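> any chance you can model this:
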Amino acid sequence: MCAICGEKTVTKEKTTWVIQEPYGSIEYFSFTTIKCSSCNEDLMGDDFDAAVIPAMNKSRKASVINILNFFEQNNYSRSTLERIFGLDQGTIDKYIEAEVVEQSFVMLMLTYRSFFPGLLLSADAGEGFNRCILFGAEKSNQD
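Predicted coordinates:
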């Protein structure tokens, strides 16, 4: 029965969608869609969450690994990442090994990678953050 109009003129089909977190892997997932021929509504079946959550987590984990690889390939030390993100090495390793990665951690890393690369350079050089500007950091003469 259609959840919108109440008619019994529904058909169920398997649908495949794709999801990708920023810098993450492309993941495909399938779920049931319910189509009503009376009101022309397309509804997601009960299996949507069970299908999308594992795909999203897999892409998010790849995102974390790819961003950390970017930092390492650009000679950012793990100690820099610890200072910038306020996380110890064990926590960073936990996210690499985890089955589920928190969205907030991915967004934190993306923000610094995309918008504040100068802060990473400044922290790696041990210069501090006294005079930070939006897209970089300048060395402060006050220490």
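> only C-alpha atoms for contact and neighbour calcs from this point on.
Will do.
> identify the single longest helix in this protein, thanks.
Counting residues, the longest helix found in the chain (DSSP state H) is helix 48-73.
> check which element follows that helix along the chain.
Toward the C-terminus, helix 48-73 is succeeded by helix 78-85 as the next helix or strand (DSSP states H and E).
> now the angle from that next one to helix 48-73?
If you take axes from the mean of the first three to the mean of the last three C-alpha atoms, to 10 degrees, helix 78-85 sits at 120 degrees to helix 48-73.
> so which bits of helix 78-85 are buried?
Of the residues in helix 78-85, R78, T80, L81, E82, I84 count as buried by neighbour count, 16 or more other C-alpha atoms under 10 Å.
> same question, stretch 66-75
N66, I67, L68, F71.
> the nearest residue to C39 once chain neighbours are set aside sits in which helix or strand?
The shortest distance from C39 to any residue that is not its chain neighbour, by C-alpha to C-alpha, 6 or more residues apart in numbering, is 6.6 Å, and that residue is C5. Take DSSP H and E as the rule and C5 turns out to sit in neither a helix nor a strand.
> what's the pLDDT at C5?
According to the per-residue confidence, C5 scores 88 in pLDDT.
> what's next to the helix or strand hosting V18, contact-wise?
Secondary structure from DSSP H and E places V18 in strand 10-19. Contact partners of strand 10-19, identified using C-alpha atoms under 8 Å, 6 or more residues apart in numbering, comprise 1-2, 26-37, 55-56, 59.
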